[in-house]
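> Need a 3D model of the sequence below.
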Amino acid sequence: MSKNLRGLSGRKGLNPGIFQEIAEAAGNIRTDSHEILNEIAERNLVGKSSVLGASTFYEFLREEHLSKKVFICNGTACLTSGKQKKLKDELLGLFREDEIGTVTCLGHCHSNNAFMYDHKTVIYEKNADLKKLLNQPDPAKPVFFTGTNAGNPALLGETGDIYEYYRILTDYSGDIEKAIEEIFKSGLRGRGGAGFSFSAKKQASRAAEGLRKYVVCNADEGDPGAFSDKWLLEERPHSVLFGMMVSGMITGADTGIVYIRGEYPESVESVRKAVRDLEDAGLAGAGCRGAGFCFEFHVVEGMGAYICGEETSLLNSIEGLRPEVRTRPPFPATYGLFGKPTILSNVETFANIRYILKEGGEAYAALGTEKSPGTKLVSLDGGFNKPGLYEIKMGTPLGLVFNELGGGTKYPVKAFQIGGPLGGIVPASLVNNLTLDFESFSREGFLLGHAGVVSIPETFPIIDFLKHLFEFTSAESCGKCFPCRIGSKRGTELLSAAVNDGGKIDIQLFDDLLETMQLGSLCALGGGLPLPVRNAMKYFEAELSGFFR
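Residues are numbered from 1 along each chain as shown. This next block holds a predicted model:
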């Protein structure tokens with residue numbers, strides 16, 4: 001059935017796609033919204049239940065969300081900072097309790113003081129005039145530290161003149177094999193979490209048969225604690241678009257889709273402007289003339305679903321299907337968007353490609369280690385004295401990143417969650433045992449992932465942190481597989497009873513639950529949750545012992 005729906009969605013295309021039509025119809029509080037959804041189904045020969053099922057999946061399209069006026073970030077970094085309650089107290093001076101909602105995550109983990117209002121992000125500083133902030137025409141720019149220990153960083157450099165920036169495409173358009181060689185030499189691994197070889201993805205998509213191919217940028221990886229994608233999309237959007245164009249040139253794709261999470265409204269506008277600038281300059285879009293081949297961009301705004309950061313869920317979302325995870329194989333490189341070969345990677349991965357082609361693959365590889373080449377963007381949250389975004393050479397001691405670049409923490413911290421809600425919980429005592437690379441983290445039983453760092457204060461109970469992780473997973477599960485959908489709910493119930501009612505958790509039952517989720521879940525949302533939970537149970541056994549039997 002999904003293949004048939006995918007085929008119909010492919011006929012519809014992207015101008016706009018079925019998903020965008022659904023979002024526009026469901027995103028309005030109107031008595032005839034269901035009628036409009038039915039019209040969309042009939043017009044595109046798609047079942048009404050499929051359209052309604054897709055429209056009811058997303059947080060931003062639910063009636064309870066649409067009735068709210070302001071949204072506080074409830075991401076992990078904001079939770080551990082303790083600033084949520086103070087911000088809500090301030091907002092209650094202007095809004096009723098039932099007008100205030102929550103959203104995860106706004107990408108202001110460095111300051112923990114942001115909320116959404118009127119489809120824009122508002123930054124609240126202590127004693128600021130809140131009413132004035134709400135009425136300002138343009139959102140305030142966040143201020144945080146940036147830095148690097150790489151002499152010639154791959155990602156932090158300025159774009160400069162747009163024609164000069166994209167001129168290198170012309171050099172490689174006549175020698176695609178040279179571009180392939182440089183990317184292979186670089187050893188570039190995906191920067192979204194798994195660290196999969198980018199060259200392997202590229203080669204699989206290039207070799208796949210198909211008259212139509214796509215390049216998709218996953219800009220919906222919304223790990224709480226990580227704001228590197230947000231910064232790149234807003235401050236260096238052309239680095240991302242350039243990487244997508246090169247990928248299209250190599251694989252034979254002429255269309256790129258940037259799928260950006262709706263929690264980043266400024267990122268959506270920034271990338272749309274960058275695409276317009278490319279089209280106005282004749283470097284992309286219909287009739288382009290600058291790179292030797294034409295490449296068309298589409299920007300799709302997500303509607304609030306963390307699971308869309310999983311690549312197959314994201315593809316289903318673009319197609320207007322319910323964004324549940326697909327079983328694999330087949331993989332997107334051979335069967336991706338609309339069933340066509342698709343090279344799909346994340347923001348930071350694409351952003352590295354220009355440096356690789358300009359400086360050479362070997363120069364990029366030399367910035368890191370043999371197995372983890374290049375650099376990695378690291379997001380340090382508001383728990384640090386110098387919170388911000390740092391481009392770090394792979395293999396750098398983690399203690400140097402935290403203490404020299406980040407300036408140490410503002411208050412006593414007992415652990416750091418690194419790599420998002422599915423990332424490991426690293427006790428402060430083990431920080432100096434780690435280097436910033438995939439192998440070091442894996443060897444010690446942790447996960448580098450997006451390299452977003454969330455500080456867990458000494459005063460924050462680990463049991464509450466675990467409860468938060470299960471609640472997050474339960475709320476964000478796509479529901480397709482039982483281990484994730486039911487397991488996250490049962491875990492939430494067990495931990496809630498222990499925290500709120502003093503109940504004791506059967507440790508064997510809990511361990512069986514974790515094993516079921518890890519081995520049986522279709523994707524890393526359910527399958528990855530056991531990692532931080534087991535880290536916590538191993539390193540904070542004394543603190544947690546009173547909750548288990």
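> List the buried residues in the strand or helix carrying S49.
S49 belongs to helix 48-55 when elements are defined using DSSP states H and E. Using 16 or more other C-beta atoms under 10 Å as the test for burial, helix 48-55 gives S50, V51, L52, A54, S55. From N, CA and C alone the C-beta is placed, and that goes for glycine too.
> just the helices in the stretch 151-300 of the chain please.
Assigned by DSSP state H, counting those that start in this stretch, the stretch 151-300 of the chain shows helices spanning 162-173, 176-186, 198-207, 228-235, 237-251, 265-280.
> how close does N403 get to F384?
Separation of N403 from F384 (C-beta to C-beta, to the nearest Å): 10 Å.
> Residue ranges in the stretch 251-400 of the chain under the pLDDT threshold?
For the stretch 251-400 of the chain, applying pLDDT under 70 flags the ranges 289-292.
> hang on, the earlier thing: so how far is the helix holding S49 off the chain centroid?
Helix 48-55 has its average C-alpha position 25 Å from the chain's average C-alpha position, going by C-alpha atoms, centre = their mean, to the nearest Å.
> Quick check: next helix or strand after that helix?
The helix or strand immediately downstream of helix 48-55 is helix 63-66, counting by DSSP H and E.
> ranges for the helices of the stretch 301-450 of the chain?
Under DSSP H, counting those that start in this stretch, the stretch 301-450 of the chain gives helices at 311-318, 347-351, 353-359, 361-365, 398-400, 438-443.
> Buried residues, the shortest one. List them.
Burial within helix 398-400, assessed by neighbour count using 16+ other C-beta under 10 Å, is assigned to L398.
> one step back: need the buried residues of helix 48-55 in CSV (columns: distance to E24 and pLDDT).
Converted to CSV, these look like this (distance: C-beta to C-beta, whole Å; pLDDT from 0 to 100):
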residue, distance to E24, pLDDT
S50, 17, 90
V51, 12, 91
L52, 15, 90
A54, 13, 92
S55, 10, 91
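> Dump the helices of the stretch 301-450 of the chain into CSV; add distance to P330 as well.
Shown next, in CSV, are the helices of the stretch 301-450 of the chain (distance: least, C-beta to C-beta, whole Å):
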stretch, distance to P330
helix 311-318, 10
helix 347-351, 21
helix 353-359, 25
helix 361-365, 29
helix 398-400, 37
helix 438-443, 26
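> measure V401 to K386 for me?
Note on V401: its distance to K386, by C-beta to C-beta, is 11 Å.
> Give me the more crowded residue out of the two.
V401 (24 against 17; other C-beta atoms under 10 Å).
> what's that one in contact with, if anything?
Neighbouring residues of V401 by C-beta atoms under 8 Å, 6 or more residues apart in numbering: V378, L380, Y390, I392, L436.
> now, which of those residues sits nearest N74?
For these, the residue nearest N74 by C-beta to C-beta is L380; the value is 20.1 Å.
> who's in contact with that closest one?
Contacts here follow C-beta under 8 Å, 6+ apart; on that basis L380 touches H110, K386, P387, G388, L389, Y390, V401, F402, L405, G406, V453.
> how about these in JSON lines, adding distance to E311?
Formatted as JSON lines, those follow (distance: C-beta to C-beta, whole Å):
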{"residue": "H110", "distance to E311": "27"}
{"residue": "K386", "distance to E311": "33"}
{"residue": "P387", "distance to E311": "29"}
{"residue": "G388", "distance to E311": "28"}
{"residue": "L389", "distance to E311": "24"}
{"residue": "Y390", "distance to E311": "26"}
{"residue": "V401", "distance to E311": "28"}
{"residue": "F402", "distance to E311": "31"}
{"residue": "L405", "distance to E311": "31"}
{"residue": "G406", "distance to E311": "31"}
{"residue": "V453", "distance to E311": "24"}
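> May I have the secondary structure class of the closest residue in space to V103 that isn't next to it in sequence?
Sequence neighbours aside, F71 is the residue nearest to V103 in space, at 4.1 Å (criterion: C-beta to C-beta, 6 or more residues apart in numbering). Per DSSP: H, G, I helix; E, B strand; the rest coil, the local secondary structure of F71 is strand.
> number of nearby residues for F71?
Around F71 there are 24 other residues, counting by other C-beta under 10 Å.
> Tell me what it is bridged to.
Listed by DSSP bridges, the beta-bridge partners for F71 are G101, M116.
> so how far is C78 from it?
12 Å.
> what do you get for E359?
If you measure E359 against C78 using C-beta to C-beta, the figure is 38 Å.
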